[in-house]
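# Could you look at this predicted model? Sequence included:
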Amino acid sequence: MTRKTEADRIDIYARITDRIVEDLGRGVRPWMKPWSAANTNGRITRPMRHNGLPYSGMNVLLLWSEQLSRGFSSSMWMTFKQALELGGAVRKGETGSTVVFASRFTKAQADANGNEVDREIPFLKAYSVFNVEQIEGLPDSYYTPPAKVLDPIVRIESADRFFRNTGAVIRHGGSQAYYSPGLDNIQMPPFEAFRDAAGYAAVLSHEATHWTAAEHRIGRDLSRYAKDRTERAREELIAELGSCFLCADLGIAPELEPRPDHASYLQSWLSVLANDKRVIFQAAAHAQRAVSFLHSLQPESEVKAAA
């Protein structure tokens, strides 16, 4: 990898992290913007690729931010080349939005004994995509209005079924919501304590993300959660992002107002992000794995229906 390439890669992390830090510094959690903005006539979904598959991880945050700041109502994006292949053309003067691609390459290096070993080195590459509203000449299907918000009853029934299918043990009582690693269960306040059924599901989506961390699920280490404020902040960031991804999939709004025990994490996140430009990328990747695991627990017939 050349020095210039390495510098470019570091710059990608820094540019994106600095943008998120700026929002957090104003007390705004940028991953909540899709629901707090005045654009909720249509259903909030993850950003979509040209083939209808959703973006994942960090790209969800990047494209949500771009869609809102640039006023696009469509959630579909594609590259310049993909637009041409579909018979369309990006309008003159339009600028693309950044998405990232994370991968690894293998490089032979000498170990401490002088033996040559293969080492996997992660890398991050940025490229540009355009919203379909920046493109002319695409098939009519690409310009369909945003999906309507689902009927509330259907939405909640779908969310209830989703969490039931995970097999998570959910207990009720008390005034706090949390995941207990020792007991391996989710503790929720009584249903009546929430503003409505969607509010209950939103909080449960956060705790379900924590629940995925168990060793026999995806194995995210929570051993230092109670002792280390930084590790706790990292895990809460993962749960917040996971909740947003999952709520978008389920058609409900996440916790727009942070709970008292979560509000304090803003300063911790600012500190962590300032010290490590990769943290938000790592958190988004962990959140994506958590949500993908929860989806994997759903019956195949329901996964197909949702798609």
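Looks like it arrived, so ask away. Numbering: from 1, shown residues only.
# gap between the nearest residue to Ala253 once chain neighbours are set aside and Gly173?
Leaving aside its sequence neighbours, Ala253 sits nearest to Trp35 (CB to CB, 6 or more residues apart in numbering; 4.6 Å). C-beta here means a position set from N, CA and C on the backbone, and glycine is covered the same way. As judged by CB to CB, to the nearest Å, Trp35 and Gly173 stand 29 Å apart.
# ok so, going back, unless I'm mixing things up, the residue nearest to Ala253 is touching Leu256, no?
Yes. Trp35 lies in contact with Leu256 (CB atoms under 8 Å); the separation is 5.9 Å.
# And those two? Which one has more around it.
Neighbour count, other CB atoms under 10 Å: between Trp35 and Leu256, Trp35 has more, with 19 against 11.
# Report all helices and strands that the helix or strand the more buried one falls within contacts.
According to DSSP states H and E, Trp35 maps onto helix 33-36. The contact analysis (3 or more CB pairs under 8 Å, 6 or more residues apart in numbering; DSSP states H and E) places helix 33-36 against helix 58-69.
# List the buried residues of the helix it packs on.
Going by neighbour count (16 or more other CB atoms under 10 Å), the buried part of helix 58-69 is Met58, Asn59, Val60, Leu61, Leu62, Leu63, Trp64, Ser65, Glu66, Gln67.
# Distance from the chain centre to the very next helix or strand once past it, please.
Under the assignment DSSP H and E, the closest C-terminal helix or strand after helix 58-69 is strand 77-78. On the basis of CA atoms, centre = their mean, to the nearest Å, strand 77-78 sits 18 Å off its chain's mean C-alpha point.
# ok, strand 77-78: who's next to it in the sheet?
Next to strand 77-78 in the sheet, as set by DSSP bridges, lie strand 116-131 (antiparallel).
# could you give me the average pLDDT of the partner strand?
Averaging pLDDT along strand 116-131 yields 78.
# Next: stretch 43-60.
Mean predicted confidence for stretch 43-60 is 92.
# Give me the contacts around it.
By CB atoms under 8 Å, 6 or more residues apart in numbering, the surrounding residues in contact with stretch 43-60 are 16, 34-35, 63-64, 67, 75-79, 82-83, 86, 99-100, 102, 142, 146-150, 244-245, 247-249, 251, 253, 280-281, 284-285, 287-288, 292.
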